[in-house]
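A.B. asks: Prediction below, plus the sequence it came from.
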Amino acid sequence: MRAELISTGTELLLGQIVNTNAQFIGQRLAKLGIDLFFQTTVGDNETRLMDVMKIALGRSDLIIVTGGLGPTSDDLTKETIAQLLGIELVVDEESLANIKGFFEVRGRVMPQVNAKQALNFSGAVVIPNRIGTAPGSIIEHQGKTILILPGPPVENRPMFLGIVEDYIRAKTGTDKAVIISRVIKILGMGESTVEERISDLVDKQVNPTIAFLAPKGEVYIRLTAKTVSEAEAEKIILNVETEISKRLGDYIYGTDDETLEGVVAGLLKKYSLTISTAESCTGGLIASRLTEIPGVSENYFGGFITYSNDAKINILGVSRDTLEKYGAVSEQTAIEMAIGARNVTGTDMAVSVTGIAGPGGGTPEKPVGQVYIALAGENDAIAVKKIFTGDREVIRWQSANSALNILRRYLMHYEKQKQFPKNNDK
């Protein structure tokens, strides 16, 4: 079955609202073994919605339309589709009663404009809305299945998880096929190098398929298997994942929903180690990401945002001579920042970042994107020089990523080395 998703709403096109329905529905269809081949977003315009629907009807078996079911004049989904299919809209009395009840329990009288939400397609299956006022519809028309759902996720998702999924299972056959994906997350190795190392696996891919993504300076490998059961799909994926892990080693930091900061927090907890941070150009981004992890307070004691030279001197004890001789963006300053943070907090180790995030402030000797990251422990400290490209936000994010990754790779080998490797992030 070929599926297509049409999301309506000018606010989606303007970026005023993130289309989380698309992600959710795509994930749920994969669980059901349904191939979602197309996604389209269209504004609140009758002509354009009709054009998009015509295309969908010509190439897809299952068409899911979200949004445009409200009571106002720009909510045109049902009217447009009814006109296209030649199906009459009729009042569904149960829906009308539910809408009136929605207002009554709130001590209000239903505005007459909301009555249009009780209109539904003649002969269609009505999907009750237990949260809001817009019911959904399931239409079978000339061999096509059309599902119409409200746009607000709080209304959309319960309807999909309930009636819609049951309907699709009954129509396609329960557990006929499932689609499972695994995302392998890599940091410290470029996309072209990653692909080169697993090129033979890519060349012979069938099931699972292999795809590459490159978000914010990282590399993701997505493995997708389609088979008769989740257990079989997991087995197929595991075989390829194991081979990829052998080739990429500890450049892989996690899979699926794992985050870099979550992995770091887990390793700190595993070895009962404490850490503090000292940040300049990242402005507290490392601290912010670490403190997103529940329970990290046992291992992360705190951090310092020392943006100015005076702050570096007065808070962290960075030498004025060091700053004058080498500058704020230097290996020497980064190391003294990390040592200072560790001394002030009494933690086992500390990580620091200092650099030029731009867009201004760079020189030929120290261009925008030049960053130094240091890691200090009881008896040793190292610093790594990095050059990042992109705008200010990207440089700051990559700097924080690199700092967390240096820490992760050190902690991964903590039991064996218990000292700082000189090329930890290479």
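C.D. replies: Okay, I see it.
A.B. asks: Identify all contacting residues around whatever helix or strand A30 lives in.
C.D. replies: Taking DSSP states H and E as the criterion, A30 maps to helix 20-31. Outside helix 20-31, the residues within contact range by CB atoms under 8 Å, 6 or more residues apart in numbering are 3, 5, 7, 35-36, 39, 64, 66, 151, 153, 156-157, 160-161, 165, 178-181. Yep, even glycine has a C-beta here, placed from its N, CA and C like the rest.
A.B. asks: The helix or strand following it pairs with which strands?
C.D. replies: Next in sequence after helix 20-31, counting helices and strands by DSSP H and E, comes strand 35-42. With DSSP bridges as the test, strand 35-42 is paired with strand 2-8 (parallel).
A.B. asks: The partner strand - what's its average pLDDT?
C.D. replies: For strand 2-8, mean pLDDT rounds to 96.
A.B. asks: CA atoms of it as CSV?
C.D. replies: Taking C-alpha atoms only, strand 2-8 is exported to CSV below (Å, rounded to 0.1, in the frame of the first residue of the first chain):
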residue,chain,number,x,y,z
ARG,A,2,1.4,3.4,-1.1
ALA,A,3,0.6,6.1,1.4
GLU,A,4,0.7,9.9,1.1
LEU,A,5,0.3,12.6,3.7
ILE,A,6,-1.1,16.0,3.0
SER,A,7,-0.8,18.6,5.7
THR,A,8,-2.9,21.8,5.4
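A.B. asks: tell me which residues of that strand are tucked away?
C.D. replies: For strand 2-8, a neighbour-count test (16 or more other CB atoms under 10 Å) marks 3-8 as buried.
A.B. asks: how far is the following helix or strand past that strand from where the chain is centred?
C.D. replies: Using DSSP H and E, the helix or strand that follows strand 2-8 towards the C-terminus is helix 10-13. From the chain centre to the centre of helix 10-13 is a distance of 20 Å (CA atoms, centre = their mean, to the nearest Å).
A.B. asks: Tell me the buried residues within the contacts of helix 20-31.
C.D. replies: 3, 5, 7, 36, 64, 66, 151, 153, 156-157, 160, 178-181.
A.B. asks: According to the record, where do the domains of this structure fall?
C.D. replies: Per automatic domain parsing, the structural domains of the chain span 2-172, 178-255, 260-417.
A.B. asks: Lowest-confidence one in the buried ones among the contacts of helix 20-31?
C.D. replies: Across these, no position has a lower pLDDT than V178, which has 78.
A.B. asks: hey, what's it bridged with?
C.D. replies: T227.
A.B. asks: quick one, what contacts it?
C.D. replies: When contacts are counted by CB under 8 Å, 6+ apart, V178 touches 30-33, 226-230, 233.
A.B. asks: Go again with 10 Å.
C.D. replies: By CB atoms under 10 Å, 6 or more residues apart in numbering, V178 lies in contact with 30-34, 225-234.
A.B. asks: Quick check: the gap between it and R247.
C.D. replies: V178 sits 27 Å away from R247, taking CB to CB, to the nearest Å as the criterion.
A.B. asks: And the strands in the stretch 201-350 of the chain?
C.D. replies: 209-213, 219-227, 252-255, 275-279, 300-305, 349-355 (DSSP state E, counting those that start in this stretch).
A.B. asks: okay, and for the stretch 151-300 of the chain, where does confidence drop off?
C.D. replies: Residues of the stretch 151-300 of the chain that meet the criterion pLDDT under 70 lie in 173-177.
A.B. asks: same thing but 80
C.D. replies: 172-178 (pLDDT under 80).
A.B. asks: For it, just list every one of the helices.
C.D. replies: 153-159, 165-172, 191-197, 199-203, 230-248, 260-270, 285-290 (DSSP state H, counting those that start in this stretch).
A.B. asks: okay if I get the ones you listed as TSV plus distance to P111?
C.D. replies: Shown next, in TSV, are the helices of the stretch 151-300 of the chain (distance: least, CB to CB, whole Å):
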stretch	distance to P111
helix 153-159	18
helix 165-172	31
helix 191-197	54
helix 199-203	57
helix 230-248	46
helix 260-270	47
helix 285-290	44
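A.B. asks: what's the burial count for R289?
C.D. replies: R289 has 22 neighbouring residues, counting by other CB atoms under 10 Å.
A.B. asks: can you check the one 4 residues further on too?
C.D. replies: Summarising burial for I293: neighbours were counted as other CB under 10 Å, giving 19.
A.B. asks: likewise the one 4 residues further on?
C.D. replies: S297 has 11 neighbouring residues, counting by other CB under 10 Å.
A.B. asks: repeat for the one 10 residues further on
C.D. replies: For Y307, the tally of surrounding residues (other CB under 10 Å) stands at 15.
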